[in-house]
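# quick one, fold the following:
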Amino acid sequence: MSQKNETPILIMSLLITIGLIGGGFWWFSQNFSGSNSDRTTSSQSPNSQSSNSNTPSSAPVTEQAATSATGTTLTSVQNVPTGLFNYGGSTSWAPIRLVVDPVIQKERPEYRLRYVQPNNAKAGSSIGIQSLIDGQLTFAQSSRPITDLEITRAKQRGFDLKQIPVAIDGLAAAVNPNLNISGLTVEQLKSIYTGKIKNWKEVGGSDIPVKAYSRRIEDGGTVELFIQDILGGEKFAPNVEFISTTTQALKKVSENPGSIYFASAPEVIPQCSIRPLPLGRSPGKYVAPYQEPFILSSECPGKRNKLNIEAFQSGTYPITRNLFVVVKQNGQIEQQAGDAYTNLLLTQQGQELISQAGFVKIR
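Numbering: from 1, shown residues only. Sure, this is the predicted structure:
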């Protein structure tokens with residue numbers, strides 16, 4: 001082939017080569033950029049998924065995961081369903097139902113709540129959770145963690161349970177205001193309720209027989225928690241008298257100089273007719289469940305004792321616990337309604353309302 005014919009062919013080959021190199025560079029740069037974009041989207045997706053309150057999960061839910069969908073005010077919460085939803089459970093939640101829930105009803109009228117009193121049983125955490133499992137409640141309020149047995153029962157029905165802490169509570173011991181004693185250790189409190197201590201002089205008090213009151217174990221999570229955490233699973237002594245309600249028990253305490261009763265701290269601290277007793281982990285190192293200085297009965301009800309928020313938040317007060325919303329994990333409207341109630345309580349406004357109800361904010 002002549003030199004004259006080879007020149008156009010060489011030029012054409014050179015142009016094709018340059019075109020292929022340029023095209024390859026363009027393809028590589030586009031795919032590399034797209035790959036980075038995909039990775040950025042992927043790294044953001046877990047956060048967006050965790051804020052979806054309709055996503056069922058059998059794994060334990062942490063406070064951070066539960067609160068990711070919350071906002072500042074009740075009206076800022078998203079995914080709040082429309083309808084009438086039954087709820088119930090722990091009697092320790094009564095102040096929240098009284099103070100917080102009416103505000104929710106006012107500001108979120110599409111989300112209607114109906115408290116359900118159990119049939120042929122006393123209200124309490126156990127009854128509430130069982131009613132949730134049986135389909136009688138949309139969500140439940142509990143003053144103790146859910147048990148393995150309750151988790152098993154729920155799984156037998158085809159769903160899981162999720163518990164989300166929304167407030168801090170504690171147990172307070174109420175004694176007669178005339179009882180001369182500065183405080184008790186947790187071990188001494190146990191010995192009183194198991195019958196080992198029978199007279200107040202055994203713990204530095206007056207020579208008065210101890211008269212201990214309690215609600216029945218089947219009446220709620222507070223008694224269950226007391227037996228588990230304070231009594232270590234031991235039984236109540238035969239001389240412990242069981243009372244149906246905290247109101248009746250506190251009246252008994254006010255009338256009997258040697259009496260003692262335990263209940264949710266917000267139910268005990270502001271009462272005028274009894275004295276909340278400081279408790280400690282070791283002798284002489286007692287922490288008051290109320291804010292100092294103590295307000296005497298003679299000054300009440302003009303003034304009332306208030307919860308020792310700092311001691312409850314820091315854990316220096318020896319008997320604290322969380323309050324939980326228990327939500328059915330079935331991917332249906334029950335789950336959405338339970339998550340919505342949780343998220344409403346975990347807003348800044350909801351937490352302030354919980355504080356007004358006498359409990360300690362968890363956030």
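# spell out the secondary structure type for Val223.
helix (DSSP: H, G, I helix; E, B strand; the rest coil).
# surely Ile354 touches Gln348?
No: contact criterion CB atoms under 8 Å: Ile354 and Gln348 do not qualify, at 10.7 Å. From N, CA and C alone the C-beta is placed, and that goes for glycine too.
# which one's more surrounded, those two?
Ile354 (24 against 15; other CB atoms under 10 Å).
# distance of that one relative to Leu149?
Ile354 sits 29 Å away from Leu149, going by CB to CB, to the nearest Å.
# domain parsing for the chain?
Per automatic domain parsing, the structural domains of the chain span 63-168+322-361, 170-320.
# tabulate these (JSON lines), appending mean pLDDT.
Listed next are these as JSON lines, based on pLDDT from 0 to 100:
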{"stretch": "domain 63-168+322-361", "mean pLDDT": "93"}
{"stretch": "domain 170-320", "mean pLDDT": "95"}
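# which residues are contacting the helix or strand hosting Ser254?
Using DSSP states H and E, the element containing Ser254 is helix 246-255. Contact with helix 246-255 is made by 91, 174-177, 213-215, 241, 243, 259-261, 263-264, 267-268, 271, 273-274, as judged by CB atoms under 8 Å, 6 or more residues apart in numbering.
# please flag which of these sit within strands.
Among the contacts of helix 246-255, the members falling in strands (DSSP state E) are Ala174, Val175, Tyr213, Ser214, Glu241, Ser259, Ile260, Tyr261, Ala263, Ser264.
# the second one against Ser273, yeah?
In this case it means Val175. No: at 11.2 Å, Val175 does not count as touching Ser273 under the criterion of CB under 8 Å.
# between these two, which one's more packed in?
A direct count of neighbours by other CB under 10 Å for Val175 and Ser273 places Val175 higher, at 23 against 14.
# residues contacting that one?
Contacts for Val175 (CB under 8 Å, 6+ apart) come out as Ile181, Val253, Ser259, Ile260, Ile274, Arg275, Leu277.
# again, 6 Å this time
Neighbour list for Val175: Ile260, Arg275, Leu277 [criterion: CB atoms under 6 Å, 6 or more residues apart in numbering].
# quick check: PyMOL command selecting the buried ones in the contacts of helix 246-255.
Selection of buried members from the contacts of helix 246-255 for PyMOL, criterion 16 or more other CB atoms under 10 Å:
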select buried, resi 91+174+175+176+177+213+214+215+243+259+260+261+263+264+267+268+271+274
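# was I right to think Ile127 contacts Pro118?
Yes: with contact defined as CB atoms under 6 Å, Ile127 reaches Pro118; the gap is 4.8 Å.
# the two - which one has more neighbours?
When Ile127 and Pro118 are compared for neighbours, Ile127 comes out ahead with 25 against 16, by other CB under 10 Å.
# so which residues make contact with the helix or strand hosting that one?
In the assignment (DSSP H and E), Ile127 maps to helix 125-133. With contact meaning CB under 6 Å, 6+ apart, helix 125-133 is reached by 88-90, 118, 121, 137, 140, 142-144, 150, 153-154, 220-221, 326.
# stretch 219-229 now?
The contact list for stretch 219-229, computed with CB under 6 Å, 6+ apart, reads Ser90, Thr91, Ser92, Lys122, Gly124, Ser125, Ser142, Ser143, Arg144, Arg215, Ile217, Ser264.
# and for stretch 317-324?
Applying CB under 6 Å, 6+ apart, the external contacts of stretch 317-324 come out as 142-143, 163, 165-167, 169-171, 186, 279, 281, 287, 289, 311-312.
# just the ones of the residues you listed in strands?
Going by DSSP E, the strands hold Ser142, Gln163, Pro165, Val166, Ala167, Asp169, Gly170, Leu171, Leu279, Val287 from the contacts of stretch 317-324.
# next, give me the two most distant ones among those.
Greatest spatial distance among the ones in strands among the contacts of stretch 317-324 (CB to CB): Gln163 and Val287, at 27.0 Å.
# who has more neighbours, those two?
Gln163 (22 against 18).
# find the nearest non-adjacent residue to the more buried one, please.
Closest residue to Gln163 apart from its sequence neighbours, by CB to CB, 6 or more residues apart in numbering: Phe324 at 4.3 Å.
# contacts only, for Asn176.
With contacts defined as CB under 6 Å, 6+ apart, Asn176 is in contact with Val253, Pro257, Ser259.
# nearest to Ser297, of the residues you listed?
Of the contacts of Asn176, the one sitting nearest to Ser297 (CB to CB) turns out to be Val253, at 12.3 Å.
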